[in-house]
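*Asks:* have a look at this prediction, sequence included:
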Amino acid sequence: MDFDLHFSMDYHDKSYGSERLYTDMLDQAILADRLGYASVSVTEHHLLELGVMPAPLTAAVKIAAHTKHVEILTGVVVLPLHDMRTYAGEVIVADIFTNGRLVLGVGRGAYAFEMERLGVPMAETRERFDESLAVLQALLSREEVSWDGKYYKFDALTVMPRPMRPGGPPMMMAVLQPEAIYHCTKRGFNILTTPLSGDRKHFHAQVDAFRRGKAELGKAGEKLKLTLSRSATVTRSEAHKREKLAEAQYHYTRFDNVFTGPGIVDAGMARVLPRKQTLAELEQNLLICTPQEMTDKLGEYADLGIDRVSLTMNFGASQADTLESTRAVAEEVIPHFRSTSMKKTAELV
């Protein structure tokens, strides 16, 4: 099982400074690359302090310039916010500048606040996403494309430059519902998902859906990967754990506001609103624990055949704490999930 370090890019305090925020991201990426993480990832968001990343392809290129090994995932870019006729070219250039380490994770958008203020009603996001994805795939895989759809109508054109690999970079689809996971996998997409509030039945259904879709593809689906997103941080004592849980609870008072709540935002800052989920319930749904406890919990994912776990380790922590947690996971957790061949290679080195 591989590990991804996801950059939350939350900006709860404007006085911290945006330059410092992105310098932190780059330092985390460099450390993850040095410590042997398989990948790092960024998510597109606009107009909000939660996930301040309006230019994920730009970030991917910057990260690639300072790292050597990690894949760089966009987990995810929001296709309905872009014109695929120009975005396809941006993807191709980013793939070239990242030396083929780009994995293009795509989604339809999660926050009504940002989508609707950018002119895309949430009620239209599914249709817009489906058509945008079809257009993007056509532009990346065919030399000349014309289109006559609901949201795109254009005469024959060719995106330049052409992709350096057939069809462009590998794509990953952000999906929650099991049946949707099954159909997306059957279409040849890598999958990014997350359990819903720790619901084990739903989680097992998600994994089973991926397995079924992959099995039906046969040899064509052998390289497809299922990535599971989780919030996590390493703790060393019960008091440390309580401190990190309090940070997480404060973060989610803002997150729930824009993800499932009313979307009340004051000058870019999501307002803190009361949560329905208790601290005890939150603890069950996050990996805020000692390295041994984290290893035990992640063991279930490895046994189920999860290919990659994407860990968000900064939802309010200081940069020092985030770097320390990144190190602890690499040194005390990840080694338990390396294959025998990888262990032997490491010993030889």
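*Replies:* Good, I have the coordinates.

*Asks:* from memory L311 sits against L287, does it?
*Replies:* Yes. If you go by C-beta atoms under 8 Å, L311 and L287 touch, sitting 7.4 Å apart. Any C-beta I mention is one placed from the backbone N, CA and C, and that applies to glycine too.

*Asks:* so for those two, which sits in the more crowded spot?
*Replies:* L311 (25 against 21; other C-beta atoms under 10 Å).

*Asks:* check which helix or strand covers that one.
*Replies:* Per DSSP states H and E, L311 falls inside strand 308-312.

*Asks:* give the other helices and strands that that strand contacts.
*Replies:* strand 2-6, strand 39-42, strand 226-234 (3 or more C-beta pairs under 8 Å, 6 or more residues apart in numbering; DSSP states H and E).

*Asks:* who touches both of L311 and L287?
*Replies:* By the contact definition C-beta atoms under 8 Å, 6 or more residues apart in numbering, L311 and L287 are jointly contacted by 230-232.

*Asks:* tabulate those in a markdown table, adding columns for neighbour count, distance to F154 and pLDDT.
*Replies:* A markdown table is the format used below for those (neighbours: other C-beta atoms under 10 Å; distance: C-beta to C-beta, whole Å; pLDDT from 0 to 100):
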| residue | neighbour count | distance to F154 | pLDDT |
| --- | --- | --- | --- |
| R230 | 19 | 41 | 93 |
| S231 | 21 | 41 | 92 |
| A232 | 22 | 44 | 94 |
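
*Asks:* looking at the residues you listed, spot the one nearest K14.
*Replies:* Nearest to K14 among the shared contacts of L311 and L287 is S231, at 23.0 Å by C-beta to C-beta.

*Asks:* which strand residues bridge the closest one?
*Replies:* Note on S231: beta-bridge partners T312, judged by DSSP bridges.

*Asks:* sorry, back to before: what's the most buried one of the helices and strands packed on strand 308-312?
*Replies:* Most buried of the helices and strands packed on strand 308-312, by mean neighbour count (mean count of other C-beta atoms under 10 Å): strand 39-42, with a mean of 26.

*Asks:* which residues in the stretch 201-349 of the chain form strands?
*Replies:* 226-234, 265-266, 269-270, 287-289, 308-312 (DSSP state E, counting those that start in this stretch).

*Asks:* what does the third one contact?
*Replies:* So the one you mean is strand 269-270. With C-beta under 8 Å, 6+ apart, strand 269-270 has contacts from 12, 14, 48-50, 254-255, 257-258, 264.

*Asks:* if you set the cut-off to 10 Å instead, what comes out?
*Replies:* Contacts to strand 269-270, defined as C-beta atoms under 10 Å, 6 or more residues apart in numbering, come from residues 10-14, 48-50, 111, 113, 251, 253-259, 261, 263-264.

*Asks:* that strand pairs with which strands?
*Replies:* According to DSSP bridges, strand 269-270 forms sheet pairs with strand 265-266 (antiparallel).

*Asks:* quick one: residues in contact with the strand it pairs with.
*Replies:* Counting by C-beta under 10 Å, 6+ apart, 47-50, 111, 113-114, 117, 254, 257-258, 271 sit against strand 265-266.

*Asks:* now do 7 Å
*Replies:* 48, 113, 258, 271 (C-beta atoms under 7 Å, 6 or more residues apart in numbering).

*Asks:* relative to A302, how far out is L5?
*Replies:* Counting by C-beta to C-beta, to the nearest Å, the gap from L5 to A302 is 18 Å.

*Asks:* sorry, that was for K201
*Replies:* 20 Å.

*Asks:* quick one: which of these two has more around it?
*Replies:* A302 (14 against 9).

*Asks:* check contacts around the more buried one.
*Replies:* By C-beta under 7 Å, 6+ apart, the residues touching A302 are 1, 337.

*Asks:* tally of neighbours for G316?
*Replies:* Neighbours of G316 under the rule other C-beta under 10 Å: 20.

*Asks:* would you list the phi and psi of it?
*Replies:* Backbone dihedrals for G316, given as degrees, to the nearest 10, come out at phi 130, psi -10.

*Asks:* grab the nearest non-local neighbour of it.
*Replies:* Leaving aside its chain neighbours, G316 sits nearest to E247 (3.8 Å; criterion: C-beta to C-beta, 6 or more residues apart in numbering).

*Asks:* go ahead and confirm that neighbour touches M313.
*Replies:* No. Between E247 and M313 there is no contact under C-beta atoms under 7 Å: 11.3 Å.

*Asks:* neighbour-wise, which of these two wins?
*Replies:* Neighbour totals were compared for E247 and M313, and M313 leads with 25 against 19 (other C-beta under 10 Å).
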